[in-house]
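*Asks:* sequence and predicted structure below; questions after.
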Amino acid sequence: MRTPDGTVATTRRDLLRALAAVGAAGVLAGCDLLAAPEPDPDPLLGLLTETRALLTAYDQVIAADAQSAAKLQPIRATHEAHLTALTAMISPPSPTATPSSTTTAASVADLKRAETTAAKTAYDACLATTPARATLLGEIAAARATHLAVLS
């Protein structure tokens, strides 16, 4: 609305519209409708968690079985290198998206079962990943397959 001197005056209707818009924006912001969606967790997060669990399992068996320690230490070192490489490759997950995996091993036979599962996981991840990640995942899958031969 224009006043007699030519300036624009704010009406009650304009004020109510502005308040309604601000209120609606506040409600939408409170409902996270205006927030950016959280990115999906990295598909390799499970492989990272499994690698951590394998490392822990090897630590348990090495601590419990001194006779097997010499044979198991190089495999453990390989898993540690894989963990470092995967950690550098994977985007950091949100605190709520971190899956937990517990692999407890009391014997070399337990490690062999864990390695069998881990080799399959790495192989499947290698086939499903992007070309940029396939090399590392192929190396991890191959290493886990050779670990099975050493543990037999």
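*Replies:* That came in fine, so what should we check first?

*Asks:* wait, what's in contact with residue 61?
*Replies:* Counting by C-beta atoms under 8 Å, 6 or more residues apart in numbering, residue 61 touches 68, 72, 105, 106, 107, 108, 110, 111. C-betas here are computed from N, CA, C, even on glycine.

*Asks:* now residue 123
*Replies:* residue 141.

*Asks:* look up how far residue 145 lies from it.
*Replies:* Counting by C-beta to C-beta, to the nearest Å, the gap from residue 123 to residue 145 is 8 Å.

*Asks:* related to what we said a few turns ago, what's the most distant pair in the contacts of residue 61?
*Replies:* Pairwise distances across these (C-beta to C-beta) peak at 13.1 Å, for the pair 72 and 106.

*Asks:* when the two are compared, which one has more neighbours?
*Replies:* Neighbours of residue 72 and residue 106, each counted by other C-beta atoms under 10 Å, are more numerous for residue 72; the result is 21 against 12.

*Asks:* grab the nearest non-local neighbour of that one.
*Replies:* residue 62 (5.3 Å; C-beta to C-beta, 6 or more residues apart in numbering).

*Asks:* does the one you found lie in a helix or a strand, and which?
*Replies:* For residue 62, the host element (DSSP states H and E) is helix 45-64.

*Asks:* alpha carbons only: can I get the next helix or strand after that helix in PDB?
*Replies:* The helix or strand immediately downstream of helix 45-64 is helix 69-89, counting by DSSP H and E. C-alpha atoms of helix 69-89 as PDB (Å, rounded to 0.1, in the frame of the first residue of the first chain):
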ATOM      1  CA  ALA A  69      53.300 -66.600  17.600                       C
ATOM      2  CA  ALA A  70      56.100 -66.800  15.100                       C
ATOM      3  CA  LYS A  71      53.800 -68.100  12.400                       C
ATOM      4  CA  LEU A  72      51.000 -65.600  13.200                       C
ATOM      5  CA  GLN A  73      53.000 -62.400  13.700                       C
ATOM      6  CA  PRO A  74      53.600 -61.800  10.000                       C
ATOM      7  CA  ILE A  75      49.900 -62.300   9.200                       C
ATOM      8  CA  ARG A  76      49.000 -59.900  12.000                       C
ATOM      9  CA  ALA A  77      51.400 -57.300  10.600                       C
ATOM     10  CA  THR A  78      49.600 -57.700   7.200                       C
ATOM     11  CA  HIS A  79      46.200 -57.000   8.800                       C
ATOM     12  CA  GLU A  80      47.700 -54.000  10.600                       C
ATOM     13  CA  ALA A  81      48.900 -52.600   7.200                       C
ATOM     14  CA  HIS A  82      45.500 -53.300   5.700                       C
ATOM     15  CA  LEU A  83      43.800 -51.500   8.600                       C
ATOM     16  CA  THR A  84      46.100 -48.400   8.000                       C
ATOM     17  CA  ALA A  85      45.400 -48.400   4.300                       C
ATOM     18  CA  LEU A  86      41.600 -48.800   4.700                       C
ATOM     19  CA  THR A  87      41.500 -46.100   7.400                       C
ATOM     20  CA  ALA A  88      43.200 -43.700   5.000                       C
ATOM     21  CA  MET A  89      40.800 -44.600   2.200                       C
END
